[in-house]
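> compute the structure for the input listed below.
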Amino acid sequence: MNKSGLIEAVSRKENITEKKAVEVVNLIFKGFTEELKKGGRIEIRGLGSFVVRDYEAYTGRNPKTGRNIKVSPKKLPFFKVGKELKEKVDQQK
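All right, here's what the predicted structure looks like:
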């Protein structure tokens, strides 16, 4: 499922217009983004949690030229799946 699929599902399930569903989904995504930018943690019971991980600078290799390049330190979001979701996905049908 992608973002447009989520918007369509919210619209159908909650019997609201797609325009309103877009606002709802964008509001949620914006809230997640702002919290992670502040260094916060997002936990959704039954689904998992989002955190920001810090990565140190390192020397990488440009695959096109083969030359070494310096990669700056960075922060990236990381998702850790929750136990309940793991179990649901792993269930045999």
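> my read is that residue 3 contacts residue 25, right?
Yes. With contact defined as CB atoms under 8 Å, residue 3 reaches residue 25; the gap is 6.7 Å. (Each C-beta comes from the backbone N, C-alpha and C, glycine too.)
> quick one: which of the two has more around it?
residue 25 (17 against 11; other CB atoms under 10 Å).
> number of nearby residues for the nearest residue to the more buried one once chain neighbours are set aside?
Leaving out its chain neighbours, the residue that sits closest to residue 25 by CB to CB, 6 or more residues apart in numbering is residue 7, at 5.2 Å. Using other CB under 10 Å, residue 7 is surrounded by 19 other residues.
> now residue 7: phi and psi?
phi -60, psi -40 (degrees, to the nearest 10).
> that one against residue 21, yeah?
Yes. Using CB under 8 Å, residue 7 makes contact with residue 21 at a distance of 4.7 Å.
> and residue 23, how far is that from residue 72?
Distance, residue 23 to residue 72, by CB to CB, to the nearest Å: 35 Å.
> quick one: low-confidence residue ranges for this structure.
Applying pLDDT under 70 to the chain picks out residues 92-93.
> per-domain residue ranges of it.
Using automatic domain parsing, the domains assigned to the chain come out as 1-38, 40-93.
> most tightly surrounded among those domains?
The highest average neighbour count among these, using mean count of other CB atoms under 10 Å, belongs to domain 1-38 at a mean of 12.
> skipping its backbone neighbours, what lies nearest residue 45 in space?
Nearest non-adjacent residue to residue 45 (CB to CB, 6+ apart): residue 82, at 7.1 Å.
> dump the residue contacts of the one you found.
The contact partners of residue 82, taken as CB atoms under 8 Å, 6 or more residues apart in numbering, are 44-49.
> farthest pair in these?
Farthest apart among the contacts of residue 82 by CB to CB are 46 and 49. That separation is 11.1 Å.
> in the protein, spot the helix with the most residues.
Across the chain, the longest stretch assigned as helix under DSSP state H is helix 18-37.
> gap between residue 71 and residue 63?
To residue 63, residue 71 is 13 Å away according to CB to CB.
> thank you kindly, that will do.
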